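# structure for this input, please:
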Amino acid sequence: MTTRRGALAPLTMVMLAACSTAEPPRTTTAGADSATRALAVTPYDPARDLGGLFVDAQMMSVYPDSKTLVDATPKRDPQAIANAYNVEKGNRNFSLKKFMAREFTAPGAPDVAASAAKKRTMEEHIDDLWPVLTRQADISDPRSSLLPLPKPYIVPGGRFREVYYWDSYFTMLGLVESGRTAQMGQMLDNFAHLIRTVGHIPNGNRSYYLSRSQPPYFAAMVGRYAAAADSSAAAAYLDAMEAEHRFWMDGADTLTPGNAHRRVVRLADGSVLNRYWDDRPEPRPESFKEDFTIAQSLPEQSREAFYRNVRAAAESGWDFSSRWMRNAKSLASLETTDLAPVDLNSLMYHAERTIAALRRRRDQRGDATVAKQFEAMAAARKAAMQAHMWDAASGFFYDVRWRSNERVTDRPSMAAAAPLYFGIATAEQGAQVAARLQKDFLKPGGFTTTLIKSGQQWDAPNGWPPLQWLAIEGVRRYGHTALADSASQRWLALNRKVYDATGKLTEKYDVWDLSKPAGGGEYPTQDGFGWTNGVALTLSRATRAPR
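Take a look at the predicted model:
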């Protein structure tokens, strides 16, 4: 691979404009924006610090996976590397690939080699994987994009070499089953540390994830930990839960009807709901080429909105799905920030209820007043969800286009299970959702994510562990035991089938055709895999124990 002086210069200049090198935008969260505060801990930001080298390396696909570059560690000062590149790239027979190999240490992946499946059961394999997927407390490295965490944590596996926010809730299910509640507590301590130092829990502990979070499962994690370890343990995380809630609700107090600010929307009737968002309207560094290429196909005035929407979809964890797209065949049609998602608002309702309960239990001066405030917020949110997200005609919950108050009824998805899991649905609604899930979503291998085959990984024919768990336990909560047991058995049978054939567990599965592997999306299906292990182990052991 060679380049000539100036050969990429015009294109590089355009792309550098899309990849901001300025300081992150200021926000109103806790007085200073979260990205700025985190950069004091880990100053290395590849997209910012490598300049034109970053753009050229990503656009020329020096590494097959765009995430590799942002996880790679510079062998010397990044500015010195960028300067050397500017000098050397004009040399005859210059090889960018060789330059990168000389100047960077590429990251490795967890060794999750296939198990000798005949010698170990799937459950034994999962128990053995926890140490493999565990990372010890980080040592701060100014040349790494990793945000250092003070205690050990579990990574998902494959290309996901750092902790991931919402993945961790489902991983924690397995830690409980494996008797590793102490490790669960360490991960909660890490998340509380991130809230204190960053202002929120990022998508993952990387500098390039700082401008977005993920589905806010922290309160649910705390509840699960308290139930597994000690009910009094939850109180230690109350301040962190309230701080995270402030992050998600930033701007709500001054928002007028029909408007939005960051992650909060106020509907025309005054109801307050949440949406997904990202503070930076530019390509994702870990998917720079993919985002930039799509943006260039759009009118210039539409590119900022696309970057916002693609990053917001990444914050949702469902990256990507027809759920977020006007045109199921085109990522350019993403409308994520125009939607109030049913599962996100279910999580916020649960967090508000949890905070209120902990305030009442603590019962110190002022706690009762604060508890009432959070109870009122939860009640108002539940009423808004019932009014705007429930569709009586089809008996299902849907996302809402908050500007027009239009339920997205042509995009039914497994997100409708969240109001059951968190107890928002009425008994009648629970029965109707369960019937719809059984009729349309239950496939030979478990629940399908959506009914649309778009080619995106969070669509049919794929099924995902977190959605299996929410649906199985959600319908069980409403008394639909036969459906819960059937879905659990189908999902576990598929997990075992793949494990017996390959000795591995993967992040997702094709639940329509059990002879095919899952696919779609920006990267190949990954092995490991944290949340698959957690959900499979919990469901497996539940089927052998009396309920």
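# how far away is residue 277 from residue 262?
5 Å (CB to CB, to the nearest Å). The C-beta positions use only the backbone N, C-alpha and C, and glycine is treated the same way.
# mind checking which helix or strand of this protein has the lowest mean pLDDT?
One helix or strand of the chain scores below all others by mean pLDDT, DSSP states H and E: helix 34-39, with a mean of 42.
# could I get whatever helix or strand comes next after it in PDB with only the CA atoms?
Beyond helix 34-39 on the C-terminal side, the first helix or strand identified by DSSP states H and E is helix 46-49. What follows is helix 46-49, C-alpha atoms only, in PDB (Å, rounded to 0.1, in the frame of the first residue of the first chain):
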ATOM      1  CA  PRO A  46      -7.100   9.100  18.400                       C
ATOM      2  CA  ALA A  47      -9.400  11.100  16.100                       C
ATOM      3  CA  ARG A  48      -8.300  14.400  17.600                       C
ATOM      4  CA  ASP A  49      -4.600  13.700  18.300                       C
END
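# could you tell me how far helix 46-49 lies from the centre of the chain?
Computed by CA atoms, centre = their mean, to the nearest Å, the chain-centroid distance of helix 46-49 equals 23 Å.
# please name every helix or strand in contact with it.
Counting contacts by 3 or more CB pairs under 8 Å, 6 or more residues apart in numbering; DSSP states H and E, helix 46-49 is packed against helix 67-71, helix 78-88.
# closest to residue 255 out of those helices?
helix 67-71 (33.9 Å; CB to CB).
# output the contacting helices and strands for that closest one.
Helix 67-71 packs on helix 46-49, helix 52-59, going by 3+ CB pairs under 8 Å, 6+ apart.
# can you list those helices in JSON lines and add mean neighbour count?
Converted to JSON lines, the helices and strands packed on helix 67-71 look like this (neighbours: other CB atoms under 10 Å):
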{"stretch": "helix 46-49", "mean neighbour count": "23"}
{"stretch": "helix 52-59", "mean neighbour count": "23"}
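# can you redo those helices as JSON lines with distance to residue 453 and mean pLDDT?
Shown next, in JSON lines, are those (distance: least, CB to CB, whole Å; pLDDT from 0 to 100):
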{"stretch": "helix 46-49", "distance to residue 453": "33", "mean pLDDT": "96"}
{"stretch": "helix 52-59", "distance to residue 453": "29", "mean pLDDT": "98"}
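# let's have those in a markdown table, adding distance to residue 473.
Below are those laid out as a markdown table (distance: least, CB to CB, whole Å):
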| stretch | distance to residue 473 |
| --- | --- |
| helix 46-49 | 39 |
| helix 52-59 | 40 |
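# for residue 108, find the nearest of those helices.
It is, among the helices and strands packed on helix 67-71 and with distance given as CB to CB, helix 46-49, at 17.6 Å.
# dihedrals phi and psi, residue 134?
phi -90, psi 140 (degrees, to the nearest 10).
# burial of the spatially closest residue to residue 319 that is not a sequence neighbour, as a residue count?
Of all residues not flanking residue 319 in the chain, residue 313 sits nearest, at 5.1 Å (CB to CB, 6 or more residues apart in numbering). Around residue 313 sit 27 other residues, with neighbours defined as other CB atoms under 10 Å.
# surely residue 313 is within a strand?
No: counting by DSSP: H, G, I helix; E, B strand; the rest coil, residue 313 falls outside a strand, being helix.
# quick one, what contacts it?
276, 319-321, 324, 334, 336 (CB atoms under 8 Å, 6 or more residues apart in numbering).
# again with residue 75
For residue 75, the contact set (CB under 8 Å, 6+ apart) comprises 81, 102-105.
# try 6 Å
By CB atoms under 6 Å, 6 or more residues apart in numbering, the residues touching residue 75 are residue 103.
# kindly report the same for residue 341.
For residue 341, the contact set (CB under 6 Å, 6+ apart) comprises residue 399.
# touching stretch 455-472 from outside, list them.
For stretch 455-472, using CB under 6 Å, 6+ apart, the contacting residues are 170, 318, 320-322, 414, 417-418, 421, 446-453, 484, 487-488, 491, 508-512, 518, 520-521, 531-532, 535.
# got the end-to-end distance for that stretch?
Using CA to CA, to the nearest Å, the span of stretch 455-472 from its first residue to its last is 25 Å.
# to residue 217, which of the helices and strands packed on helix 46-49 lies closest?
Per CB to CB, nearest to residue 217 of the helices and strands packed on helix 46-49: helix 67-71, 22.7 Å.
# ok, and what's touching the closest one?
46, 57, 63, 106-107, 145, 159, 208, 285-286.
# so residue 191 makes contact with residue 201?
Yes: using CB atoms under 6 Å, residue 191 is in contact with residue 201, at 5.2 Å.
# quick check: phi and psi at residue 358.
phi -70, psi -40.
# need the contact list for it.
234, 238.
# and it, how far from residue 213?
21 Å.
# do residue 305 as well
Distance from residue 305 to residue 213, by CB to CB: 20 Å.
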